[in-house]
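>>> just a sequence and a predicted model for now, questions to come.
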Amino acid sequence: MMMKKLFMIGLCSVLLCGTVRAETPEDIQKIRVAAEQGSADAQYNLGDAYYDGNGVKQNYAEAAKWYRLAADQGNALAQCILGSMYDDGQGVKQDYTEAAKWFRLAADQGVAVAQFNLGLSYAAGRGVQQNDAETLKWWRLAADQGAAPAQYNLGVMYRKGKGVSQSYVDAVKWYRLAAEQGYAQAQFSLGVMYEQGKGVRQDYAEAVKWYHLAAEQGDANAQFNLGLSYAAGQGVRQDYVEAVKWWRLAANQGDAQAQCDLGVMYDIGQGVRQNYAEAAKWYHLAADQGFAQAQFSLGVMYEQGKGVRQDYAEALKWYRLAANQGDAQAQYNLGVRYATGRGVRQNKKLAKEWFGKACDNGFQEGCDEYRKLNEQGH
């Protein structure tokens with residue numbers, strides 16, 4: 001089970017700005033007068049008003065103008081937000097070098113989100129030269145202030161041994177700090193560590209606990225893993241209905257593995273009423289994302305006419321896509337198609353080739369058919 005995301009960028013205005021918002025034209029006018037007289041706080045607040053469309057028509061370019069005036073006077077939050085606007089190309093032309101410049105000015109003043117975002121710039125080599133040591137330095141500073149995204153990403157660095165000596169114990173430490181703040185990705189990752197027994201004693205029930213917390217926040221990876229736990233009865237009592245519930249939530253977010261597994265449940269009628277049309281629907285969604293197992297299963301549906309109109313050419317198409325990714329069953333089925341001439345011109349040479357590939361991937365039936373064709377002189 002792989003984690004699908006590594007980095008997230010935080011918006012300073014979302015995480016750190018706690019200013020009083022202007023709500024009336026009179027409030028805006030008072031702030032504008034003070035801003036035009038050079039008050040950095042007023043310039044920052046006016047930038048906020050334009051950024052949020054609070055009391056004025058939303059205008060990112062105007063927001064950037066006022067944030068810049070405040071930032072030039074050393075306002076750390078304005079510097080941080082201006083960095084985010086350059087990073088996103090919001091109200092200004094996208095410029096990663098400018099973004100890193102403003103993040104650094106705010107980070108030097110101790111703004112945790114700016115420290116995190118500067119670390120992100122170094123991690124991605126965006127606006128600065130890629131540098132793992134600098135990444136770690138800035139994320140550690142933000143993490144020490146309690147910034148959950150930085151704590152999570154430090155955990156990733158320790159888990160992968162990127163820029164530091166690999167340490168599952170340290171990875172767990174940082175994941176836990178972020179997870180206890182409710183950070184879903186860290187909760188999922190901590191669940192993985194408990195499931196795999198890395199950095200902690202293996203504990204499936206504890207893994208399920210953390211998966212559940214992340215899944216309830218909508219984390220698709222956690223929803224998928226929680227579904228697996230219920231399907232296998234690992235850390236929880238086996239419950240196929242619950243497995244289907246969590247896989248459906250992940251599938252609706254586009255998770256290909258969950259879509260495929262949900263298709264299987266409809267195919268065999270486990271945890272749901274058997275429904276071949278629904279099975280084919282979910283297989284198709286996963287197959288369209290390139291998920292080999294779903295491509296193979298969809299091929300079977302077309303070959304057998306289950307949930308779809310029988311179509312040997314369409315079956316062949318999906319078998320080929322899965323086979324080209326190394327799916328042994330699909331390779332074997334392609335061999336059968338070429339050997340029998342069903343849906344394709346009979347070609348024993350190609351049949352033998354696909355049987356051989358299936359055999360090489362550990363599919364015994366492929367080995368048997370390859371040997372038969374070989375004995376027949378093909």
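Arrived safely, thanks for sending.
>>> just the helices in the stretch 151-300 of the chain please.
168-179, 184-196, 204-216, 220-232, 240-251, 256-268, 276-288, 292-304 (DSSP state H, counting those that start in this stretch).
>>> as CSV, the ones you listed with distance to Ala148 would be great.
For glycine as for every other residue, the C-beta is placed from the backbone atoms N, C-alpha and C. As requested, the helices of the stretch 151-300 of the chain are exported to CSV (distance: least, CB to CB, whole Å):
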stretch, distance to Ala148
helix 168-179, 4
helix 184-196, 7
helix 204-216, 13
helix 220-232, 16
helix 240-251, 22
helix 256-268, 26
helix 276-288, 32
helix 292-304, 34
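>>> now those helices in CSV, with mean neighbour count?
Listed next are those as CSV, based on neighbours: other CB atoms under 10 Å:
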stretch, mean neighbour count
helix 168-179, 21
helix 184-196, 25
helix 204-216, 21
helix 220-232, 25
helix 240-251, 21
helix 256-268, 24
helix 276-288, 21
helix 292-304, 24
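>>> what's the distance between Ala147 and Asn54?
26 Å (CB to CB, to the nearest Å).
>>> also Ala150?
Distance of Ala150 to Asn54, computed by CB to CB: 29 Å.
>>> got it, and Val308?
Per CB to CB, Val308 is found 52 Å from Asn54.
>>> just give me how far stretch 52-71 sits from the chain centre.
Remark: stretch 52-71 is offset 32 Å from the chain centroid, using CA atoms, centre = their mean, to the nearest Å.
>>> and Ala147 and Asn54? which has more neighbours close in?
Set Ala147 next to Asn54 and count neighbours by other CB atoms under 10 Å: Ala147 wins out with 27 against 15.
>>> surely Met301 meets Ala280?
Yes. Counting by CB atoms under 8 Å, Met301 does reach Ala280; the two are 4.8 Å apart.
>>> between these two, which contacts overlap?
Contact criterion CB atoms under 8 Å, 6 or more residues apart in numbering; residues shared by Met301 and Ala280: Gly307, Val308.
>>> of all the helices of the stretch 151-300 of the chain, which one is nearest Glu62?
Glu62 sits nearest to helix 184-196 of all the helices of the stretch 151-300 of the chain, at 34.3 Å, using CB to CB.
>>> what's that closest one packed up against?
helix 148-160, helix 168-179, helix 204-216, helix 220-232 (3 or more CB pairs under 8 Å, 6 or more residues apart in numbering; DSSP states H and E).
>>> dump those into a markdown table; add mean pLDDT as well.
Formatted as a markdown table, those follow (pLDDT from 0 to 100):
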| stretch | mean pLDDT |
| --- | --- |
| helix 148-160 | 96 |
| helix 168-179 | 98 |
| helix 204-216 | 98 |
| helix 220-232 | 97 |
